[in-house]
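got a predicted structure plus its sequence, pasted below:
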Amino acid sequence: MARGPGGCNSGPVLRVTSTRIPRPSPIIRAIRAAVGKDFIVGVRMTFDEGRGDGLQPEEALKIANVLTGAGIDFFS
């Protein structure tokens with residue numbers, strides 16, 4: 001498991017331009033297969049970490065697009 005800033009778990013990542021994006025597709029697809037398309041699946045995610053080296057809104061939108069494409073219905 002990779003460690004992010006501050007020692008937190010960042011998990012496997014995929015680079016999209018300069019953005020680090022978690023590799024959620026296998027997990028999200030497995031959840032989607034288990035619950036079906038009529039069940040709402042969401043993700044808790046910040047869209048601005050408020051620090052210079054943290055997640056910025058533009059990067060967050062790229063991540064949100066990847067997650068939506070993998071089967072996420074909403075963000076909280």
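Structure's in. What do you need? Numbers count the residues shown, from 1 in each chain.

so which other helices or strands are in contact with the biggest helix by length in the chain?
Under DSSP state H, the helix in the chain containing the largest number of residues is helix 57-70. In terms of contacts (3 or more C-beta pairs under 8 Å, 6 or more residues apart in numbering; DSSP states H and E), helix 57-70 is packed against strand 13-16, strand 19-22, helix 25-35. Quick note: C-beta positions are derived from backbone N, CA and C, even for glycine.

does Ile40 really touch Gly71, like I thought?
No: applying C-beta atoms under 8 Å as the test, Ile40 and Gly71 come out as separate, 10.7 Å apart.

comparing those two, which residue is more hemmed in?
In this comparison of Ile40 against Gly71, neighbours counted by other C-beta atoms under 10 Å, the higher total goes to Gly71 at 18 against 9.

excluding chain neighbours, give the residue nearest to the more buried one in space.
Nearest in space to Gly71, with sequence neighbours left out and distances taken as C-beta to C-beta, 6 or more residues apart in numbering, is Arg32 at 4.2 Å.
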